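Student: predicted model and sequence below, questions to follow.
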Amino acid sequence: MNGMAYTYLLYLVITIGITIWVARTLRHNGLVFLARSEADRPLADALSHLLIVGFYLVMFGVITFAMKSPGQIGNAQAGIELLSTKVGIILVSLGGMHFLILLVFSGVKQKHEERRLLAERRHSVNELADLRSRDR
């Protein structure tokens, strides 16, 4: 195997490993973030799973696209520079995807909280209406 093949192999091991670690972290902490109670757990689990599948698809696509390199590496320095450039591209992409998923989690949680507050208000209004109708 030549130096280019070793560089690509190392690139794949590093980037796939980091991608899996970030996805697991997002999944675990996303569930905690989304599920306020056990009743919320199934929906939070399903949403988190769908987001992580999308995360993997996008990131593995970026990893695959970033593999292409012009020419061959001539020495160890060129191999390290190529590897660091490619890993850097993936790290920046992972960071962007991480923040995007956090925005989605935040939006979902905010919508859920708004719906919960609205339901509580409706319940309170209905209780007041029942009390008033009993008093008459």
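Tutor: Cool, got the structure.
Student: mind listing the helices for this protein?
Tutor: Counting by DSSP state H, the chain has helices at residues 3-34, 41-65, 76-135.
Student: angle of the second one against helix 3-34?
Tutor: Helix 41-65 runs at 160 degrees relative to helix 3-34, counting by axes from the mean of the first three to the mean of the last three Cα atoms, to 10 degrees.
Student: how about the longest one?
Tutor: Put simply, helix 76-135 runs at 10 degrees to helix 3-34, going by the same axes, to 10 degrees.
Student: thinking again about what came up before, mind putting the helices of the chain into a markdown table with mean neighbour count and mean pLDDT?
Tutor: Any C-beta I mention is one placed from the backbone N, CA and C, and that applies to glycine too. Output for the helices of the chain, formatted as a markdown table (neighbours: other Cβ atoms under 10 Å; pLDDT from 0 to 100):
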| stretch | mean neighbour count | mean pLDDT |
| --- | --- | --- |
| helix 3-34 | 16 | 86 |
| helix 41-65 | 15 | 87 |
| helix 76-135 | 13 | 83 |
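Student: wait, Met59 sits on Thr19?
Tutor: Yes: in this structure Met59 lies within contact range of Thr19 using Cβ atoms under 8 Å: 4.8 Å.
Student: joint contacts of those two?
Tutor: Ile90, Leu94 (Cβ atoms under 8 Å, 6 or more residues apart in numbering).
Student: could you count how many residues lie near Asn2?
Tutor: 8 (other Cβ atoms under 10 Å).
Student: list the contacts for it?
Tutor: Asn2 touches Gln72, counting by Cβ under 8 Å, 6+ apart.
Student: please consider this matter closed, and thank you.
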